[in-house]
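Colleague: any chance you can model this:
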Amino acid sequence: MDATEVTSDQQLLLPPRPVLPDMAAARSHGPADAVEAQWQSLRLSWQWRQEVHQIRSPGSPYPGIVPLLEASAAQPRLRRLYPFASHFTLLFSSSTSYPWTVQAGSIEPLHNGRFKVRRRDPFAMIGEVGTAEEAVRLVLELLPIDSEPVITACADDHV
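Modeller: Predicted coordinates for the structure are as follows:
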């Protein structure tokens, strides 16, 4: 069996790509629907990527982005923000499209199972913790108290 056959066999075993929410339709209903669709999209996409990683690289660590998304989504103040990820780092914006208005900080799941939390302004590392829930608690402490309600549309949405 050559490498091509192995790759084809592995691809046959991969889970089907998830059906993601229609972001354009969600945006047409307003910022709250766009935020909810984005939470669903991130969860489905990262779950699929994690499953694929486990099939392609069994036993190899995968950053804990899925538990991080679950822990973040369970917090009402974060759930109102538009989540987005960059290089496995989870951020939260009060704007539903670019340019992002990042609130609080960011959380980076590490390959060792821990989580690194950073403040956005001024940019600084806050700490490294052992669970997604601890990381989310740190980010919640960084959220401005007067930021409610946090869902806003971008400037283009007001035109």
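Colleague: for the residue lying closest to residue 35 once chain neighbours are set aside, name its beta-bridge partners.
Modeller: Take residue 35 and drop its neighbours on the chain: the residue closest to it by Cβ to Cβ, 6 or more residues apart in numbering is residue 82, 5.0 Å away. Bear in mind the C-beta positions are built from the backbone N, C-alpha and C, glycine included. Beta-bridge pairing for residue 82 (DSSP bridges): residue 93.
Colleague: where along the chain do the strands fall?
Modeller: Ranges of strands in the chain, per DSSP state E, are 82-86, 89-93, 105-109, 115-120, 123-129.
Colleague: what's the model's confidence in the fourth one, averaged?
Modeller: Same thing as strand 115-120. Taken as a whole, strand 115-120 carries a mean pLDDT of 94.
Colleague: how about the longest one?
Modeller: Averaging the model's pLDDT scores along strand 123-129 yields 92.
Colleague: on contacts alone, who are the packing partners of it?
Modeller: With contacts taken as 3 or more Cβ pairs under 8 Å, 6 or more residues apart in numbering; DSSP states H and E, strand 123-129 sits against strand 115-120, helix 132-142.
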